[in-house]
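Asks: Generate a structure from the sequence data that follows.
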Amino acid sequence: MAKVIKKHGKTVLIIGLSITLLAMYLLIPQAQAVGTISARKITISDSRPTETGVTYTFTGTHSGDTVKCLELSFCTTATGDCTGPTGFTAANGVVNDSGWVSWDVIGTDRWDTGSFIATRVRYTYATGQAGGAGYAFSTATITNPTNEETYYARAVSYSDANCATAVDSGVTAFAIVYGVTVSATVSETLDFAISAVANADCSTYFGVLDGPASTASTVAYGTLASTNTFYHGCNDLTVSTNAGTGYGVTAQETTSLLETANNKTIDDSEGDSGLMSETTTSTWVTANGNPGFGYACGNVSGTDCLMTSTSWYRQFACIGTLGNEAATCDP
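Replies: Predicted coordinates for the structure are as follows:
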């Protein structure tokens, strides 16, 4: 009889222990939210370590329940206690209005009250707002973690402004990585062309004067019947380059204008001032008793001509004919 009692007592003890353990398990509070935020992602404006002023935007499909608190915690793990990444801080966070989708952040009595600590951002809205698909909330001026690593953003929505009763939750991973340095060397290019110009177009830029239409390689004045009269001819010079310091164009002559029959030259002009040279600009508007040859430059497009007035002229630099330079340039 005594053995039976001992055995029965042992059975009661085991059952009592099992009931106690079950009761303890049922009393553990459920920290996880009722629903899961699907289609979730987090976007960061700059993934480099230690960067400041970074914007973090969380997007996901929330349930339709009304929520009054939105929370995003930044952790080194997806579950368990949340340990903040080294160097990371959201304590100086601010609402990034442009990153909010569907949640009402503009205006009064909206999701514009932020609570920011080092590892968490939290927004509350006393009136509350129903959830829905494709919602996003965004925080700016966050400082990135110090180390390259994968980290986790834990998002939770709550039905109360005290952020106590969870509605939905979801975890997303994000990576902090150094940027890729991209370099390239671009070779310099230069395109240069000389084009023909009709006399009428020449007169548009330099005043109406007689003269020939040019070709890309000649300006043939022909017979000059009138003395003390200006004649002109034009060519278009087109230059394009990607060189950082631009380009330079020089104009030279290999010989003076020469009457071959009598070996007479039309010397380079000295301008109205008598001081015109290859480097000194002078006006040249007086034709009578003031013969010569010179050039001007007018800007058809761009502002690259050094001579800013179409009545200013210079002499061509004469480089002469190879081996006979002195005889083929002006006396």
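
Asks: Residues in contact with stretch 100-109: which ones?
Replies: By Cβ atoms under 8 Å, 6 or more residues apart in numbering, the list of residues contacting stretch 100-109 from outside reads 59, 70, 95, 97, 110-112, 125-127, 129, 132, 134-138. Bear in mind the C-beta positions are built from the backbone N, C-alpha and C, glycine included.

Asks: end-to-end on that stretch?
Replies: 15 Å (Cα to Cα, to the nearest Å).

Asks: Now intersect the contacts of stretch 100-109 with the strands, please.
Replies: Those of the contacts of stretch 100-109 mapping onto strands are 59, 70, 95, 125, 126, 127, 129, 135, 136, 137, 138, per DSSP state E.

Asks: on that earlier part again, just the buried ones from the contacts of stretch 100-109?
Replies: 59, 70, 95, 110, 111, 112, 125, 129, 135, 136, 137, 138 (16 or more other Cβ atoms under 10 Å).

Asks: any idea which of those is closest to residue 46?
Replies: residue 138 (13.9 Å; Cβ to Cβ).

Asks: Give the full set of residues in contact with that closest one.
Replies: For residue 138, the contacting residues are 55, 56, 57, 58, 95, 96, 97, 98, 99, 100, by Cβ under 8 Å, 6+ apart.

Asks: Would you mind checking which of these is nearest to residue 281?
Replies: Among the contacts of residue 138, and counting by Cβ to Cβ, the member closest to residue 281 is residue 98, at 55.4 Å.

Asks: Please name the nearest non-neighbouring residue to that closest one.
Replies: Of all residues not flanking residue 98 in the chain, residue 138 sits nearest, at 7.4 Å (Cβ to Cβ, 6 or more residues apart in numbering).

Asks: One more: residue 289?
Replies: Residue 289 sits nearest to residue 228 (Cβ to Cβ, 6+ apart), 7.0 Å away.

Asks: my read: that neighbour touches residue 287, true?
Replies: Yes - with contact defined as Cβ atoms under 8 Å, residue 228 and residue 287 form a contacting pair (5.0 Å).

Asks: Let's see the ChimeraX selection covering just the buried ones among the contacts of residue 138.
Replies: In ChimeraX syntax, the buried subset of the contacts of residue 138 is picked out as below (16+ other Cβ under 10 Å):
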select :55,56,57,58,95,96,99,100
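
Asks: closest to residue 275 among the contacts of residue 138?
Replies: If you rank those by distance to residue 275 using Cβ to Cβ, residue 98 comes first, at 64.0 Å.

Asks: Okay, and the beta partners of residue 149?
Replies: Under DSSP bridges, the beta-bridge partners of residue 149 are residue 176.

Asks: mind listing what it touches?
Replies: Residue 149 touches 76, 85, 175, 176, counting by Cβ under 8 Å, 6+ apart.

Asks: Which of those residues ranks first by neighbour count?
Replies: Neighbour counts for those peak at residue 176, which has 23 neighbours (criterion: other Cβ atoms under 10 Å).

Asks: So that residue sits against residue 49, correct?
Replies: Yes - between residue 176 and residue 49 there is a contact at 5.4 Å, judged by Cβ under 8 Å.

Asks: Quick check: neighbours shared by these two?
Replies: Common neighbours of residue 176 and residue 49, using Cβ under 8 Å, 6+ apart, are 144, 145, 147, 148.
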